[in-house]
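**Student:** just to be clear, the model below is a prediction. Sequence and coordinates:
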2 protein chains.
Amino acid sequence: MNAIVQKLLHDSNVEAAMLAMGKAGRDAARLLAAAPRDAKDAALKTAAAELRRHTPVIIEANKRDLATAEDAGKPGAYLDRLMLDPDRVEGIASSLESIAELPDPVGEVIAEWDRPNGLRISRVRVPIGVIGIIYESRPNVTADAGALCLKSGNAAILRGGSDSHHSSMAILTCLAHGLREAELPEDAIQIVPTIDREAVGYMLRGLDGAIDVIVPRGGKSLVARVQEEARVPVFAHLEGVCHTYVDRGADIDKAIEILVNAKLRRTGVCGATETLLVDKNAHEDYLTPLVKALLDAGCEVRGDSPTQAADPRAVPATENDWGTEYLDAIIAVKVVDGIDEAIAHIGQYSSQHTDCIITECLGTAERFLARVDSAIVMHNASTQFADGGEFGMGAEIGIATGRLHARGPVGLEQLTTFKYVVRGDGQIRP
Amino acid sequence: MNAIVQKLLHDSNVEAAMLAMGKAGRDAARLLAAAPRDAKDAALKTAAAELRRHTPVIIEANKRDLATAEDAGKPGAYLDRLMLDPDRVEGIASSLESIAELPDPVGEVIAEWDRPNGLRISRVRVPIGVIGIIYESRPNVTADAGALCLKSGNAAILRGGSDSHHSSMAILTCLAHGLREAELPEDAIQIVPTIDREAVGYMLRGLDGAIDVIVPRGGKSLVARVQEEARVPVFAHLEGVCHTYVDRGADIDKAIEILVNAKLRRTGVCGATETLLVDKNAHEDYLTPLVKALLDAGCEVRGDSPTQAADPRAVPATENDWGTEYLDAIIAVKVVDGIDEAIAHIGQYSSQHTDCIITECLGTAERFLARVDSAIVMHNASTQFADGGEFGMGAEIGIATGRLHARGPVGLEQLTTFKYVVRGDGQIRP
């Protein structure tokens, strides 16, 4: 770790230490922007080998974190996310290797054209600069986020949950070894070396212009705080209130299979369907089997009056249910008067994350895909496919519902920006 | 104009009126996002015809604005930017027609791929939503900015300088006629119908989430205020501190011609060169003719000691001159130790707008183009080419030096975002 930062922290000067990290990140970013692909990939592969070699050390550090978290009475799901075992360390290592295998986005010519006066204009991908990542106590994010930033030529300033601090520092040691061996700046991946909560506030204010974008990874309260306080751009989604609309043109067997998967495969992910909309013109045939399938699979159904009539096990929905992200085995169900009311309902209640139509009628599907203004719109597929890996991006740092720069899964490409390169031969402007 | 907004303004409730404009803009944006190209182009062409037909009315309104501005003692250059005559109205009309001729960015498939499970994923261009434009008293911006937003499927909320209010409202009447005839929502282009200065503050706070991005067009003080106060993203450049570096490998005749154009063609534009850097290894041959050409053309030269030695007419530069945007016939000149010192100097003082290298050595040029991290980097061409029109984008709403979403000239494409469309046939996630 950066010696200046350590000295400042030792003197309890958190603000100066954070600003020094920002400056170190900015300097590292300048070198990384020009780093060849080979060096970045070598750093990732060496780090992966180092992680494997140091598995016992990492697990030892993780045990310290776990003990503290247990003493603090953290719940089981929390401890599970924090826990590392040899399999999970291997998973982290091979994830670094997969990121090394991805194409390098930096330097890609996105567009190129010639002007009548002979100027040749290229739009070329370049790294964004310095990315700040704020996350909860999940040690694997330290490696994943650091690796995605490195591969895309960005410096990373990581601030993980304090309960994972020792695990993250042990992982960072391996990443730093990889960077050193590849002759890349160690400050390319920095971890905020204090659990002082003020540190996050400094990051959100951008470290004097050093941070270009913040990526929060965690629950709604973390993202809400970041979106509220950040003075720099944020790539994030606050919540995933995802809809599946079953149209009169749906194949009911396909609809049931997709819906049960979309709701129940994993209920805690942001791409899980939270509201089912059923076309009024088909609801006599479709509503009962759809609701029955959900109830039989153990899902609580909160519905409007037709839904309650369709199955006595359904309970009444209130206005509050439309727009709620349950992240649980609960679904809100509403009958709508065809595709246009479905689109209007989604326009009002969706969090613009992922929304899906199920129908065999292509015209209706295209209308839905064109009119629903969400980061991801789907036809005849489970909303749980909303994921950078499933999209074939190799990896993602998160999913964004903002409208600018990044929308949907944020992969390597979204961690870059571009510049214009203009090549001439003496042209002057008349 | 929106009747609700008018009523609220009549009751002097500026905040409620502004929020009502935001809501009207948001509603219009929803309709515009689905508007076919033909309708948008028809609206622009009808508006152009209407502008021509109403030239006398527009000039009459402009005379009222001019009279007020003259009484207030505004300077000649200011009055010139405000003034409309039949030629200028014709210019505005034909500019609308040119924008109609540009390709429609909305709906363009930017990327498309298939997944092994049969899902087809497309990244499709969609409008951003509602764009707020804040500008000085230049009536042509009302038409240009409104037209660019319309063509890209966005609603525009325009706030021009109060001195151009009558001219802008006369132009808006023509735009509204075009929208009506094309059966598009009139609220697609709104002008803040009050000169109340608080209105800008409400826009900068985003009108309750209704504004997606702010584009300020005007001088440094306007842009600085917007960047400081805005709670929504901003596309802008604060200043254009542009550099031209003459390398040892330059053709001196070409260098002189480019440099004089880059500095003096128009000194008030953001792409004008403000600092000349000359390679130490060539300065004995190159510095004197470069400085002489500038001085002979009427440019003040502020230089380091080698520059002062090269021509007695050069005056000393102070630290303050590096990094100053003169927007005048003044240039700062410094001798640097080759390309790497040039890159370092630009890294320190450039506003990351446009920077240029002049050399016949392609290797050196490529090093400069790769390492200088500005929105536009150039080789052997005048920095005054930094312009959306010159780039072949047809038109621009401004130039951005931010790193996210838009960099360099902001044309139709940069006024769009994208969404992912996923087409399946019943896929569920394992």
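**Tutor:** The structure has been received and is ready for your questions.
**Student:** so who does the closest residue to residue A:335 other than its chain neighbours touch?
**Tutor:** Leaving out its chain neighbours, the residue that sits closest to residue A:335 by C-beta to C-beta, 6 or more residues apart in numbering or on different chains is residue A:306, at 4.5 Å. (Glycine included, C-beta is placed from N, CA and C.) By C-beta atoms under 8 Å, 6 or more residues apart in numbering or on different chains, residue A:306 lies in contact with A:280, A:283, A:287, A:335.
**Student:** what's the answer for residue A:336, then?
**Tutor:** By C-beta under 8 Å, 6+ apart, residue A:336 lies in contact with A:245, A:277, A:278, A:279, A:280, A:342, A:345.
**Student:** for it, what are phi and psi?
**Tutor:** In terms of degrees, to the nearest 10, the main-chain angles of residue A:336 are phi -120, psi 160.
**Student:** I'd like the distance between it and chain B.
**Tutor:** To chain B, residue A:336 is 18 Å away according to C-beta to the nearest C-beta, to the nearest Å.
**Student:** residue A:279 now?
**Tutor:** 18 Å.
**Student:** now for that residue, how many residues are close by?
**Tutor:** Residue A:279: 25 surrounding residues under other C-beta atoms under 10 Å in any protein chain shown.
**Student:** before we move on, what SS does the nearest residue to residue A:214 once chain neighbours are set aside have?
**Tutor:** Excluding its sequence neighbours, the residue lying closest to residue A:214 (C-beta to C-beta, 6+ apart) is residue A:132, at 4.6 Å. Using DSSP: H, G, I helix; E, B strand; the rest coil, the structure places residue A:132 in strand.
**Student:** residues contacting residue A:410?
**Tutor:** Applying C-beta under 8 Å, 6+ apart, one finds that residue A:410 lies in contact with A:215, A:235, A:388, A:396, A:397, A:398, A:399, A:400.
**Student:** just to revisit the earlier point, what helix or strand is the residue nearest to residue A:335 on?
**Tutor:** Assessed by DSSP states H and E, residue A:306 sits inside helix A:305-310.
**Student:** ranges for the helices of the stretch 151-300 of chain A?
**Tutor:** All helices of the stretch 151-300 of chain A, identified by DSSP state H, counting those that start in this stretch, fall at A:165-181, A:198-204, A:220-229, A:252-264, A:283-296.
**Student:** between those helices, which one is nearest to residue A:239?
**Tutor:** helix A:220-229 (5.7 Å; C-beta to C-beta).
**Student:** wait, what's in contact with the residue of the stretch 151-300 of chain A found nearest chain B?
**Tutor:** Of all residues in the stretch 151-300 of chain A, residue A:261 sits closest to chain B, at 3.7 Å by C-beta to the nearest C-beta. Applying C-beta under 8 Å, 6+ apart to residue A:261 gives the contacts A:382, A:384, B:428, B:429.
**Student:** now for those residues, which pair is the farthest apart?
**Tutor:** Across the contacts of residue A:261 (C-beta to C-beta), the longest gap, 7.8 Å, separates A:384 and B:428.
**Student:** more neighbours: which of these two?
**Tutor:** Between residue A:384 and residue B:428, residue A:384 has the larger neighbour count (other C-beta under 10 Å), namely 26 against 18.
**Student:** for the more buried one, which three-state class applies?
**Tutor:** With three-state DSSP as the basis, residue A:384 sits in helix.
**Student:** given the next helix or strand after the helix holding residue A:306, what are its sheet partners and their directions?
**Tutor:** Counting by DSSP H and E, the element after helix A:305-310 in chain order, helix or strand, is strand A:315-316. Sheet pairing for strand A:315-316, assigned by DSSP bridges, gives strand A:300-303 (parallel).
**Student:** where does pLDDT dip in chain A?
**Tutor:** A:1 (pLDDT under 70).
**Student:** report the longest strand in it, please.
**Tutor:** Among the segments of chain A that qualify as a strand by DSSP state E, the longest is strand A:416-427.
**Student:** buried ones in that one?
**Tutor:** For strand A:416-427, burial by neighbour count (16 or more other C-beta atoms under 10 Å in any protein chain shown) applies to A:416, A:417, A:418, A:419, A:420, A:421, A:422, A:423, A:424, A:426, A:427.
**Student:** number of residues surrounding the closest residue in space to residue A:307 that isn't next to it in sequence?
**Tutor:** Using C-beta to C-beta, 6+ apart and skipping the chain neighbours, the partner closest in space to residue A:307 is residue A:333 (4.4 Å). For residue A:333, the count of nearby residues is 24 (other C-beta under 10 Å).
**Student:** for residue A:315, same thing?
**Tutor:** Residue A:315: 14 neighbours (other C-beta under 10 Å).
**Student:** partners of the closest residue to it other than its chain neighbours in the sheet?
**Tutor:** Nearest residue to residue A:315 in three dimensions, chain neighbours excluded: residue A:302, at 5.5 Å (C-beta to C-beta, 6+ apart). Assessed by DSSP bridges, residue A:302 has beta-bridge partners residue A:315, residue A:332.
**Student:** ok, now which ones touch residue A:302?
**Tutor:** Going by C-beta under 8 Å, 6+ apart, residue A:302 touches A:314, A:315, A:316, A:317, A:318, A:321, A:330, A:331, A:332, A:333.
**Student:** state the distance from it to residue A:295.
**Tutor:** To residue A:295, residue A:302 is 11 Å away according to C-beta to C-beta, to the nearest Å.
**Student:** same deal with residue A:47?
**Tutor:** Residue A:47 sits 48 Å away from residue A:295, going by C-beta to C-beta.
**Student:** the helix or strand hosting residue A:16 versus helix A:165-181: what angle between them?
**Tutor:** With secondary structure defined by DSSP H and E, residue A:16 is part of helix A:14-33. Here helix A:14-33 runs at an angle of 40 degrees relative to helix A:165-181 (axes from the mean of the first three to the mean of the last three C-alpha atoms, to 10 degrees).
**Student:** what's the first helix or strand after helix A:14-33?
**Tutor:** Following helix A:14-33 in sequence, per DSSP H and E, is helix A:37-53.
**Student:** run the angle between the longest strand of chain A and helix B:252-264 for me.
**Tutor:** 120 degrees.
**Student:** mind giving me the packing neighbours of strand A:416-427?
**Tutor:** For strand A:416-427, the elements it packs on are strand A:120-127, helix B:252-264, helix B:362-371, strand B:376-381, strand B:408-409, judged by 3 or more C-beta pairs under 8 Å, 6 or more residues apart in numbering or on different chains; DSSP states H and E.
**Student:** ok, 6 Å please
**Tutor:** Strand A:416-427 makes packing contacts with strand A:120-127, strand B:376-381 when contacts are defined by 3 or more C-beta pairs under 6 Å, 6 or more residues apart in numbering or on different chains; DSSP states H and E.
**Student:** about what we covered before: alpha carbons only: can I get the helix holding residue A:16 in CSV?
**Tutor:** In CSV, the C-alpha atoms belonging to helix A:14-33 read as follows (Å, rounded to 0.1, in the frame of the first residue of the first chain):
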residue,chain,number,x,y,z
VAL,A,14,-8.3,10.5,7.1
GLU,A,15,-9.2,13.4,4.7
ALA,A,16,-5.6,13.9,3.7
ALA,A,17,-5.1,10.1,3.3
MET,A,18,-8.2,9.8,1.1
LEU,A,19,-7.0,12.8,-1.1
ALA,A,20,-3.6,11.1,-1.4
MET,A,21,-5.3,7.9,-2.5
GLY,A,22,-7.1,9.9,-5.1
LYS,A,23,-3.9,11.5,-6.4
ALA,A,24,-2.2,8.1,-6.4
GLY,A,25,-5.2,6.6,-8.3
ARG,A,26,-5.1,9.4,-10.9
ASP,A,27,-1.3,8.9,-11.4
ALA,A,28,-1.8,5.2,-11.8
ALA,A,29,-4.7,5.7,-14.2
ARG,A,30,-2.4,7.8,-16.5
LEU,A,31,0.0,4.9,-16.7
LEU,A,32,-2.7,2.3,-17.1
ALA,A,33,-4.3,4.1,-20.0
